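Trainee: pasting the sequence and the predicted model now:
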Amino acid sequence: MTISRREFVKLMGLAGAAGLLPGSAFAAARKPSDLYEIPAFGNVSIMHMTDCHAQLNPIYFREPNVNIGLGSARGRPPHVVGKAFLKQFGIRPNTPEAHAFTYLNFEQAAKQYGKVGGFAHLQTLVKRLRAERGAGKTLLLDGGDTWQGSGTAVWTRGKDMVGACNLLGVDVMTGHWEFTYRDDEVIANIKDFKGAFVAQNVNVKEDALFDYRFADFPGFDEDEGLAFKPYVVKEVNGARVAVIGQAFPYTPIANPQRFIPDWTFGINDEHMQAVVNAVRENEKPDVVVVLSHNGMDVDLKMASRVSGIDVIFGGHTHDGMPAPSVVKNAGGKTLVTNAGSNGKFLGVMDLDVKGGKVRDFRYRLVPIFSNLLPADKEMAAYIEKVRKPYKARLEQTLATAEETLYRRGNFNGTFDQVICDALRKVNDAQISLSPGFRWGTTVLPGQGITMDNVMDQTAITYPETYRREMKGSEIKAILEDVCDNLFNADPYFQQGGDMVRVGGLDYVCEPAASIGKRITDMRLDDGTPVQADKKYTVAGWATVGSKSPGRPIWDVVAEYLKDQKTVKIKKLNTPKLVGVKGNPGVADYPALVDR
């Protein structure tokens with residue numbers, strides 16, 4: 001079932017209030033009656049997209065019911081889900097925005113409101129906003145994770161997305177999964193990109209500087225050792241807007257270093273402060289923004305430590321935040337935003353800039369409902385062209401879903417379970433492990449599971465699978481390490497992914513415990529305790545170190561689905577969680593226990 005534009009507008013009511021900043025010192029914007037009526041304000045408009053993961057077409061995407069925050073992060077955005085999220089941001093239940101921002105009533109709402117995202121529909125909104133605000137008054141930023149996440153992206157080595165972003169008119173971008181192509185491919189794609197690629201925290205290794213392969217690249221700075229331009233200054237309606245790039249700081253840890261052997265990454269907040277200071281002194285900007293792929297918790301900490309930044313437009317953790325967080329620091333305040341994922345949202349920040357300062361702002365994070373925004377014909381034609389060579393393969397139906405298949409959430413999702421079950425079945429393994437990626441689209445009950453859907457979950461440049469023996473102690477060490485990455489008390493030690501997904505294995509997790517003590521009571525599916533010194537056959541994929549010997553994961557999953565024909569999860573290997581009852585970052589979870 002879909003609804004007309006008239007019916008949609010009627011349903012909207014006062015849902016636009018979610019775009020306001022509660023408790024802001026700035027004046028409140030009026031409540032729009034139409035989702036896409038975003039009144040012009042001030043003299044500078046910045047649009048922000050991030051983490052689209054190469055989703056050119058509209059998709060379904062279920063938001064998480066588990067995004068746990070601990071300590072000072074408990075109940076602080078982004079660590080709120082479901083009804084707590086609606087209350088936090090003043091969103092009425094059973095509205096289009098409630099569907100866009102939460103998992104609540106997902107299946108029913110998805111059928112009612114239709115798919116979200118799609119570059120042709122996004123293009124329509126971008127063009128509308130540019131026309132409404134006037135020529136030269138807008139800037140479009142892309143936070144990265146753009147060249148990866150679909151079959152066409154991995155098979156064209158990201159070139160399909162470079163072309164789409166050029167057509168969209170992206171002015172500035174930074175990166176993360178962009179760096180999972182070979183370094184020469186990264187450089188070639190950046191050269192083809194018509195906007196500016198910025199990253200203040202990517203350096204060339206000292207031993208590579210002497211005979212650096214990309215010394216002719218325009219962004220390379222031999223004196224500073226920077227691989228890319230750290231920032232760019234754009235003139236927007238007479239105001240000077242400096243955009244500083246912050247690429248994902250843990251790229252060589254979370255992804256293979258072998259693809260980018262000459263580059264180092266890091267948070268580098270001391271260098272960020274030096275760049276901000278230099279930009280303020282030398283460029284005399286009216287606005288300083290950071291285009292970040294840190295993840296929201298890291299951005300919040302950076303905003304408290306680095307002064308002189310007006311706004312951080314953040315990404316990586318896929319948190320759709322209807323309002324910015326205001327962070328105090330030595331220089332005053334910094335606004336921190338995060339614009340969701342999969343092309344589902346467009347952030348729109350209008351600034352009133354006078355006398356070299358930001359005086360006021362309005363912000364909306366706008367859901368892209370594809371049945372409300374007509375497809376831009378030029379972009380639609382481009383998408384059809386880039387998909388045409390792969391169309392038959394991508395649209396092949398492999399099986400039928402009997403329940404919603406999704407990924408997003410701190411722990412196992414149903415599509416993750418499909419991947420884990422496929423690994424165990426095809427590779428004849430007792431246990432399977434699958435990375436806690438936050439990208440991956442959703443399939444509704446009754447829909448055919450296509451190769452397109454499988455690629456949305458698995459399309460990476462290191463997809464090879466493995467089957468090997470591991471001791472129980474080794475499996476526990478893996479779970480402990482990933483769990484510490486997710487729940488470390490210091491955001492600077494969090495890498496932004498979710499917990500490794502498991503198949504054939506149950507365990508108890510206490511997120512607030514110390515490292516080495518979070519994972520207990522590991523058992524096989526039949527209840528047999530996992531012994532530390534005993535070896536178990538384990539199947540997995542996406543090894544960051546050396547290349548694995550097995551087939552690509554998408555071939556393994558496709559084989560499994562063709563054999564199954566219909567998919568209903570027999571058992572979801574979600575851990576029992578200890579000590580998080582009442583936490584607003586978890587809801588509708590099947591196994592919560594007290595300490």
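Mentor: Yes, it's here. Everything numeric here is computed off the predicted structure, so don't read it as measured data.
Trainee: tell me the buried residues in stretch 125-143?
Mentor: 125-126, 129-130, 133, 137-143 (16 or more other C-beta atoms under 10 Å). From N, CA and C alone the C-beta is placed, and that goes for glycine too.
Trainee: any chance of those residues in CSV, plus secondary structure?
Mentor: Shown next, in CSV, are the buried residues of stretch 125-143 (DSSP: H, G, I helix; E, B strand; the rest coil):
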residue, secondary structure
Leu125, helix
Val126, helix
Leu129, helix
Arg130, helix
Arg133, helix
Lys137, coil
Thr138, strand
Leu139, strand
Leu140, strand
Leu141, strand
Asp142, strand
Gly143, coil
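Trainee: remind me which residues of the chain are low pLDDT?
Mentor: Counting by pLDDT under 70, the low-confidence segments of the chain come to 1-33.
Trainee: outline the domain layout of it.
Mentor: Per the record, the chain has its domains at 5-383, 395-593, by automatic domain parsing.
Trainee: can you check which of those domains gets nearest to Pro389?
Mentor: domain 5-383 (8.3 Å; C-beta to C-beta).
Trainee: ok so, going back, Serialize the buried residues of stretch 125-143 to JSON lines and add fields for distance to Asp171.
Mentor: As requested, these are arranged in JSON lines below (distance: C-beta to C-beta, whole Å):
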{"residue": "Leu125", "distance to Asp171": "16"}
{"residue": "Val126", "distance to Asp171": "11"}
{"residue": "Leu129", "distance to Asp171": "13"}
{"residue": "Arg130", "distance to Asp171": "11"}
{"residue": "Arg133", "distance to Asp171": "14"}
{"residue": "Lys137", "distance to Asp171": "12"}
{"residue": "Thr138", "distance to Asp171": "9"}
{"residue": "Leu139", "distance to Asp171": "5"}
{"residue": "Leu140", "distance to Asp171": "5"}
{"residue": "Leu141", "distance to Asp171": "7"}
{"residue": "Asp142", "distance to Asp171": "8"}
{"residue": "Gly143", "distance to Asp171": "13"}
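Trainee: in TSV: the domains of the chain, plus distance to Pro389.
Mentor: Output for the domains of the chain, formatted as TSV (distance: least, C-beta to C-beta, whole Å):
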stretch	distance to Pro389
domain 5-383	8
domain 395-593	13
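Trainee: do you know how far Leu209 is from Pro256?
Mentor: Taking C-beta to C-beta, to the nearest Å as the measure, Leu209 falls 22 Å from Pro256.
Trainee: looking at these two now, which is surrounded by more residues?
Mentor: Just comparing Leu209 and Pro256: by other C-beta atoms under 10 Å the higher neighbour count belongs to Pro256, 20 against 14.
Trainee: dump the residue contacts of that one.
Mentor: Contacts for Pro256 (C-beta atoms under 8 Å, 6 or more residues apart in numbering) come out as 180, 462, 544-545.
Trainee: give me the buried entries from these.
Mentor: Among these, the ones that count as buried (16+ other C-beta under 10 Å) are 180, 462.
Trainee: so which of the contacts of Pro256 sit within helices?
Mentor: Judged by DSSP state H, these include no members of helices.
Trainee: show me which of the contacts of Pro256 is closest to Lys471.
Mentor: Nearest to Lys471 among the contacts of Pro256, with distances taken as C-beta to C-beta, is Gly545, at 18.1 Å.
Trainee: separation between the nearest residue to that closest one once chain neighbours are set aside and Asn485?
Mentor: Ranked by C-beta to C-beta, 6 or more residues apart in numbering and with sequence neighbours excluded, the top spatial neighbour of Gly545 is Pro256, at 7.5 Å. Using C-beta to C-beta, Pro256 is found at 17 Å from Asn485.
Trainee: repeat that for Val386.
Mentor: 35 Å.
Trainee: between those two, which is the more surrounded one?
Mentor: Between Val386 and Asn485, counting by other C-beta under 10 Å, Asn485 is the more crowded of the two (21 against 18).
Trainee: so that one makes contact with Pro491?
Mentor: No - with contact defined as C-beta atoms under 8 Å, Asn485 does not reach Pro491; the gap is 11.1 Å.
Trainee: contacts for the host helix or strand of Ala422?
Mentor: Secondary structure assignment for Ala422, by DSSP states H and E: helix 414-427. With C-beta under 8 Å, 6+ apart as the test, helix 414-427 has contacts from 403-407, 412, 429-434, 440, 442-443, 457-458, 465, 467, 501-504, 539-541, 550, 553, 556-557, 559-561, 563, 567, 569, 571-573.
Trainee: could you dump it to CSV, C-alpha only?
Mentor: Extracted in CSV, the C-alpha atoms of helix 414-427 (Å, rounded to 0.1, in the frame of the first residue of the first chain):
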residue,chain,number,x,y,z
THR,A,414,18.0,-11.4,10.8
PHE,A,415,19.9,-10.9,7.5
ASP,A,416,23.1,-11.3,9.4
GLN,A,417,21.7,-14.6,10.6
VAL,A,418,21.1,-15.6,7.0
ILE,A,419,24.7,-15.0,6.3
CYS,A,420,25.9,-16.9,9.3
ASP,A,421,23.6,-19.8,8.6
ALA,A,422,24.9,-19.9,5.0
LEU,A,423,28.5,-19.9,6.1
ARG,A,424,27.8,-22.9,8.5
LYS,A,425,25.7,-24.9,6.0
VAL,A,426,27.8,-24.4,2.9
ASN,A,427,31.1,-24.8,4.7
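Trainee: buried residues in that helix?
Mentor: 414-427.
Trainee: partners of the helix or strand that comes right after it in the sheet?
Mentor: Note on helix 414-427: by DSSP H and E, the next helix or strand toward the C-terminus is strand 431-434. Applying DSSP bridges, strand 431-434 is found paired with strand 501-503 (antiparallel), strand 535-541 (parallel).
Trainee: next one: the shortest one to chain centre, how far?
Mentor: Spelled out, that is strand 501-503. 21 Å (C-alpha atoms, centre = their mean, to the nearest Å).
Trainee: and for stretch 514-534?
Mentor: 31 Å.
Trainee: just give the closest residue to Thr334, not the sequence neighbours.
Mentor: Ala303 (4.1 Å).
Trainee: how about the contacts made by the one you found?
Mentor: With C-beta under 8 Å, 6+ apart, Ala303 has these contacts: 309, 312, 327, 329, 334, 336.
Trainee: which SS class is Val243?
Mentor: strand.
Trainee: count of residues packed around it?
Mentor: Val243, neighbours per other C-beta under 10 Å, totals 26.
Trainee: tell me what the closest residue to it other than its chain neighbours is bridged to.
Mentor: Nearest residue to Val243, sequence neighbours excluded (C-beta to C-beta, 6+ apart): Val172, at 4.7 Å. Going by DSSP bridges, Val172 is paired in beta bridges with Leu141, Ala196.
Trainee: re the thing from before, let me know which of the strands paired with strand 431-434 is tucked in deepest.
Mentor: Mean neighbours per residue, mean count of other C-beta atoms under 10 Å, is largest over these for strand 501-503, with a mean of 27.
Trainee: and after that strand, which helix or strand comes next?
Mentor: strand 505-509.
Trainee: for that next one, packing partners?
Mentor: helix 472-487, strand 519-524, strand 576-578 (3 or more C-beta pairs under 8 Å, 6 or more residues apart in numbering; DSSP states H and E).
Trainee: want to try a markdown table for those, with distance to Ala381 as columns?
Mentor: A markdown table is the format used below for those (distance: least, C-beta to C-beta, whole Å):
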| stretch | distance to Ala381 |
| --- | --- |
| helix 472-487 | 42 |
| strand 519-524 | 51 |
| strand 576-578 | 48 |
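Trainee: alright, that wraps it up for me.
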